[in-house]
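In: below: sequence and its predicted model.
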Amino acid sequence: MTDARARSAARLWGFDPDGVTLAARRENAVYKVADPRGPFALRLHRAGYRSEAELLSELQWMAALAEGGMAVPRPVPLPDGRLATDVDGKLVDVLTWLPGQMVGAGGAMDGVADRPALAHRLGGVLAQLHDLSDAWTPPADFTRPAWDRAGLLGDAPLWGRFWEHPGLEPGERALFEAARATATADLAAREAGLDYGLIHADAITENIMRDGDALYLIDFDDGGWGFRDFELATFLMRQLDAPDYADIRAALIEGYATRRKVDGAALDLFLVLRALTYPGWIIPRLHEPGGAERSARAIATALPLAERYLNGG
């Protein structure tokens, strides 16, 4: 059943509300809009997750990427020119709908015969994203979250205090705290030499669309300032247990390195940091459907990576 707010929002953009159907419900509720001008994506944003200024900055960035020749969803303004509005307490915006289908869920690459080849193409897409972002001058009021040292490991990290997850045993909490302390010093020693700028920050298989050989990134909701090696680690973390992980990693780096350099040692550090973010992310979502299962997976993934990291592996 379509949310009444989605139907109301559709009218604001001049769409027929009967052409609105739910496409995905994750952080945001995304509706597909059937319209004579083509399909569109109408997004109802999770209350309190992003401010209006952050959302407008996201849309401005996406518009700049599209203007630079990258295949990303383009913002569709309201008749009065605004890019977003509030509908009954939720921010709403509309984007163009990209063709193709999601690569897969939970790191899967559904129907992909050559997984390293896909990773190689993705590396090129991420490099293009970073190049175009560096060439763009954001407006003075641009504001997006920062996946910097404080955002990953500080007292108030972007995705929550992972070391305080209520499901951790005392020894597990101590392990996370030790990994946090060591990684903070490690990152502080490295960060001056790392590539830093705007990143998608959530390039998981659910947010990569495939249309033939073409790959597109969607869902820039978590995009912001961050380390470019963290971007690659976000994709690779879901592939760690795959039998062809080494080939996927090498292909991703090779595809990315056609445009930009990759720091392999930093990439290993960011794999740990990416894994540590998820136990923090799930804390306020434990009560949601599937929250307990996702929580258990997040902890089970992060614990061995943290232990291996502390042991120098």
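Out: Arrived safely, thanks for sending.

In: so Asp93: helix, strand or coil?
Out: Classification of Asp93 by DSSP: H, G, I helix; E, B strand; the rest coil places it in strand.

In: those helices in the stretch 151-300 of the chain, which residues are they?
Out: 170-190, 228-237, 245-257, 264-282, 291-310 (DSSP state H, counting those that start in this stretch).

In: would you mind listing the outside residues contacting the third one?
Out: With contact meaning C-beta atoms under 8 Å, 6 or more residues apart in numbering, helix 245-257 is reached by 115-117, 119-124, 126-127, 232, 235-236, 239, 242, 262, 264, 267. Any C-beta I mention is one placed from the backbone N, CA and C, and that applies to glycine too.

In: related to what we said a few turns ago, would you list the helices of the stretch 151-300 of the chain in JSON lines and tack on mean neighbour count, distance to Gly104 and mean pLDDT?
Out: What follows is the helices of the stretch 151-300 of the chain, written out as JSON lines (neighbours: other C-beta atoms under 10 Å; distance: least, C-beta to C-beta, whole Å; pLDDT from 0 to 100):
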{"stretch": "helix 170-190", "mean neighbour count": "16", "distance to Gly104": "29", "mean pLDDT": "98"}
{"stretch": "helix 228-237", "mean neighbour count": "25", "distance to Gly104": "12", "mean pLDDT": "98"}
{"stretch": "helix 245-257", "mean neighbour count": "19", "distance to Gly104": "13", "mean pLDDT": "97"}
{"stretch": "helix 264-282", "mean neighbour count": "22", "distance to Gly104": "18", "mean pLDDT": "97"}
{"stretch": "helix 291-310", "mean neighbour count": "17", "distance to Gly104": "16", "mean pLDDT": "96"}
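
In: and these: which comes nearest Leu198?
Out: helix 228-237 (9.5 Å; C-beta to C-beta).

In: show me what the closest one is packed up against.
Out: Using 3 or more C-beta pairs under 8 Å, 6 or more residues apart in numbering; DSSP states H and E as the contact test, the elements touching helix 228-237 are helix 115-135, strand 196-199, helix 245-257, helix 264-282.

In: can you do 6 Å?
Out: Helices and strands touching helix 228-237, by 3 or more C-beta pairs under 6 Å, 6 or more residues apart in numbering; DSSP states H and E, are helix 264-282.

In: on that earlier part again, got the helices of the stretch 151-300 of the chain as JSON lines, with distance to Gln101 columns?
Out: JSON lines is the format used below for the helices of the stretch 151-300 of the chain (distance: least, C-beta to C-beta, whole Å):
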{"stretch": "helix 170-190", "distance to Gln101": "36"}
{"stretch": "helix 228-237", "distance to Gln101": "18"}
{"stretch": "helix 245-257", "distance to Gln101": "20"}
{"stretch": "helix 264-282", "distance to Gln101": "25"}
{"stretch": "helix 291-310", "distance to Gln101": "23"}
